[in-house]
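# Can you look at this prediction? I've put the sequence above it.
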Amino acid sequence: MLQVPLRIIGQDPVVALPPPKAPPEIVWLASGFRPFFLAASAGAVLLMGVWLAILAGLGEARPGLSPIQWHAHEMLFGFGGAVVAGFLLTAVPNWTQRPTPKGLPLAALTGLWVLGRLGSWWGGLAGAALDLLFLPLLGWALAGPLWKAGQARNLVFLPVLGALWVADLVFWNGYPSTSLMLALYGLLMLIAIVGGRVIPFFTERALANQPARHPVLEALALAGLPLCAWVECVSGIPPHWKLAILGATAAFHLTRLLHWGSPRLLQVPLLWVLYLAYLYLPLGLVLRGLAWFGVGSLSAATHALTVGCVALMCLGMMGRVALGHTGRELKPARATVVAFALLGLAGVCRSLIPFCAPQLYQHAVWCSGLLWCVAFALFAVVYFPVLTRPRVDGKPG
């Protein structure tokens, strides 16, 4: 007898539902480098543009701080802080295989950076509070993955971030000169640590040339920077001691750089920009030492370190990281190479020209500022689609 399955009237057959889809990824919040490199490049143009407008006497708006203190603070803690955040939020997951904030938490952290820039403009207690929130929260976002991974060599970035935050706190407590010098050396320390890892690695990958490494030289170069910060910040140290310590540290870093290099690096823009930026480090230290001895100006020497070393290294690293972490070929556009050259020239205009020819100071400042704006504007235009579109290889991030 044929068995016919019974179907209860009004009862639908059971249908297996597909698992719920994950919400679509917001591309520009998929990894730390995306929003922070966008913020850094746009901020570099805007912050420098405002500074040039102040110098020209345009408009009535003025920051709550003294204009020169605001300018220095924003270049180091604002622009520099954004690049550091973008780099570390991208590098730490690679080192630890553990995630850092993305999506809405990353948007909140980026928004806090923007609020910090507004706070620095307003000044006062509320402005200081807004500015001082960013670095601790960035450190908190990085501490978990670094600590859980147990990688002692990477934990070094946390005390450096802590030192930068202390420098910012010192700034808002009425000691801007000491604060800004500590912040500058904090950024130089990050460049020396990261540069010592990635520049030889990038050189080997691009040129099949394994750079020489000398552990004692590496240790001397890194140890010299905190010592330089100390002699620069402490009063009463004779100028010849400052010159000796700054000069010796410069020699260590120059020797370190020469051991990494190869004549063929000039064929690779993403390499030579990093070498040129690092070259400004020993140059700036020597100029600072000479300035303490009465030769040239401290301001010009400082800008060899800020424009030449820090900003150019930031631009070069942003250019490489953005291409590599979006699955693109490591060949920058011609406009990007032009941006590298313009910012390198801006460093010459703001440091070597006024150092050697003080009568050209005003022309040099304007020339450097305009070159800076054009360089970062070029980067922003070229890299906006790179930073806001999905990876070309289809991978997440």
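Right, received. Where do you want to start?

# contacting residues around the nearest residue to residue 310 once chain neighbours are set aside?
Leaving aside its chain neighbours, residue 310 sits nearest to residue 187 (5.2 Å; criterion: C-beta to C-beta, 6 or more residues apart in numbering). Every C-beta, even on glycine, is put in place using the N, C-alpha and C of the backbone. By C-beta atoms under 8 Å, 6 or more residues apart in numbering, the contact set of residue 187 is 76, 80, 84, 164, 310.

# what do you get for residue 110?
So residue 110 contacts 35, 36, 39 (C-beta under 8 Å, 6+ apart).

# Show me the residues you listed that map onto helices.
Using DSSP state H to define helices, the subset of the contacts of residue 110 located there is 35, 36, 39.

# From those residues, pick the one nearest residue 297.
Of all these, residue 297 sits closest to residue 39, with 31.6 Å by C-beta to C-beta.

# Report the separation between the residue nearest the centre of the chain and residue 266.
The chain has residue 83 as the residue nearest its centroid, 3.2 Å off, counting by C-alpha atoms, centre = their mean. As defined by C-beta to C-beta, to the nearest Å, residue 83 lies at a distance of 25 Å from residue 266.

# and residue 164, backbone torsions?
Dihedral angles of residue 164 (phi, psi; degrees, to the nearest 10) stand at phi -60, psi -40.

# what's the neighbour count on it?
Applying other C-beta atoms under 10 Å, we find 26 residues neighbouring residue 164.

# do residue 126 as well
With other C-beta under 10 Å as criterion, residue 126 counts 12.

# I'd assumed residue 118 was in contact with it.
No. Residue 126 lies out of contact with residue 118 (C-beta atoms under 8 Å); the separation is 10.0 Å.

# moving C-terminal of the host helix or strand of residue 48, what's the next helix or strand?
Counting by DSSP states H and E, the element that carries residue 48 is helix 33-56. Moving toward the C-terminus from helix 33-56, the next helix or strand (DSSP H and E) is helix 67-73.

# which residues sit against that following helix?
Outside helix 67-73, the residues that touch it by C-beta under 8 Å, 6+ apart are 47, 51, 54, 63, 64, 65, 120, 121, 171, 176, 180.

# Which among the residues you listed count as buried?
47, 51, 54, 63, 65, 120, 121, 171, 176, 180 (16 or more other C-beta atoms under 10 Å).

# ok, these vs residue 91, which is closest?
Residue 91 lies nearest to residue 47 out of the buried ones among the contacts of helix 67-73, by C-beta to C-beta, at 24.6 Å.

# quick one: contacts for the closest one?
Residue 47 makes contacts with 71, 74, 75, 78, 79, 117, as judged by C-beta under 8 Å, 6+ apart.

# now do 6 Å
Neighbour list for residue 47: residue 74 [criterion: C-beta atoms under 6 Å, 6 or more residues apart in numbering].

# Chain neighbours aside, what residue packs nearest to the residue nearest to the centre of the chain?
Using C-beta to C-beta, 6+ apart and skipping residues adjacent in sequence, the residue nearest residue 83 is residue 314, 4.2 Å away.

# Three-state assignment for that neighbour, please.
When classified by DSSP: H, G, I helix; E, B strand; the rest coil, residue 314 comes out as helix.

# how many other residues sit next to it?
For residue 314, using other C-beta under 10 Å, the count is 26.

# Ramachandran angles for residue 63?
Main-chain torsions, residue 63, degrees, to the nearest 10: phi -70, psi 160.

# a markdown table please, covering the contacts of helix 67-73 and showing pLDDT.
Shown next, in a markdown table, are the contacts of helix 67-73 (pLDDT from 0 to 100):
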| residue | pLDDT |
| --- | --- |
| 47 | 97 |
| 51 | 96 |
| 54 | 93 |
| 63 | 81 |
| 64 | 81 |
| 65 | 83 |
| 120 | 94 |
| 121 | 94 |
| 171 | 96 |
| 176 | 94 |
| 180 | 97 |
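
# what's the closest of those to residue 234?
Checking the contacts of helix 67-73 against residue 234 by C-beta to C-beta gives residue 180 as the nearest, at 15.2 Å.
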